[in-house]
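S.K.: model this:
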Amino acid sequence: WDRGDYEDLVLGSQDDRLKTAVVRPAWVYGGASYADKWLEFAKKEKKVLVPSDQDVWISSVHLEDLVSLYLLILEKRQSGVFNASEGATQLRNLVSLAQKAFDAEILEVKNSSEILEKGIFFAFAMRKDFSLVSISVNSPKVGWKPKHTFSRFLGDLAKHEK
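M.R.: This is a model prediction of the structure:
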């Protein structure tokens, strides 16, 4: 994720009186996000929609973990850039997990508009040129660690299915 002009403006205008925190969430799931819609489609239709490039890396974060980070930043009055992620994995791994969890087939799509037709709008986050790969930027330490994992979340969804 490259720093945008707005982020540069905010960070560049800091002084001793102004504390600024920039939170860069990864691919958010939990709580009716686009990722949840992708999973609901896979569960309902027994088809996992995927773009042709499954080598892309995806970083993810559960909504509850993201909220806990925001609250921690506010509580500690921290400033800086925070990359909120539980870690990164290749899209092919997430697809494989979803396929197994819902006993679904893989439906490869050629472009984002095919995914948009299904009402799932996060497709751009999965394309190579838009993927959220850089979680390695040094963030200020606030003692935050995510409690959720995408694979456990998916496993819980599959259990409710049965």
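S.K.: contacts only, for the residue nearest to residue 107 when sequence neighbours are not counted.
M.R.: Sequence neighbours aside, residue 47 is the residue nearest to residue 107 in space, at 4.3 Å (criterion: CB to CB, 6 or more residues apart in numbering). Heads up, the C-betas are built off the backbone N, CA and C, glycines and all. Counting by CB atoms under 8 Å, 6 or more residues apart in numbering, residue 47 makes contact with 41, 104-107.
S.K.: name the nearest of the residues you listed relative to residue 145.
M.R.: Nearest to residue 145 among the contacts of residue 47: residue 41, at 30.5 Å, using CB to CB.
S.K.: do a quick rundown of the strands in this protein.
M.R.: Secondary structure of the chain by DSSP state E: the strands cover 21-25, 27-29, 47-51, 57-62, 80-84, 87-90, 105-109.
S.K.: quick one: mean pLDDT for the shortest one?
M.R.: So that's strand 27-29. Strand 27-29 shows a mean pLDDT of 86.
S.K.: do the same with stretch 108-119
M.R.: pLDDT averaged over stretch 108-119 gives 68.
S.K.: same thing with stretch 149-162?
M.R.: 80.
S.K.: just the CA trace of that stretch, in CSV.
M.R.: The C-alpha coordinates for stretch 149-162 follow below in CSV (Å, rounded to 0.1, in the frame of the first residue of the first chain):
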residue,chain,number,x,y,z
THR,A,149,-7.5,-15.8,12.2
PHE,A,150,-9.2,-16.1,8.8
SER,A,151,-8.9,-19.9,8.8
ARG,A,152,-10.6,-20.2,12.2
PHE,A,153,-13.3,-17.8,11.1
LEU,A,154,-13.9,-19.9,8.0
GLY,A,155,-13.9,-23.1,10.1
ASP,A,156,-16.6,-21.6,12.4
LEU,A,157,-18.7,-20.6,9.4
ALA,A,158,-18.4,-24.2,8.0
LYS,A,159,-19.5,-25.7,11.4
HIS,A,160,-22.6,-23.5,11.4
GLU,A,161,-23.3,-24.8,7.9
LYS,A,162,-23.5,-28.5,9.0
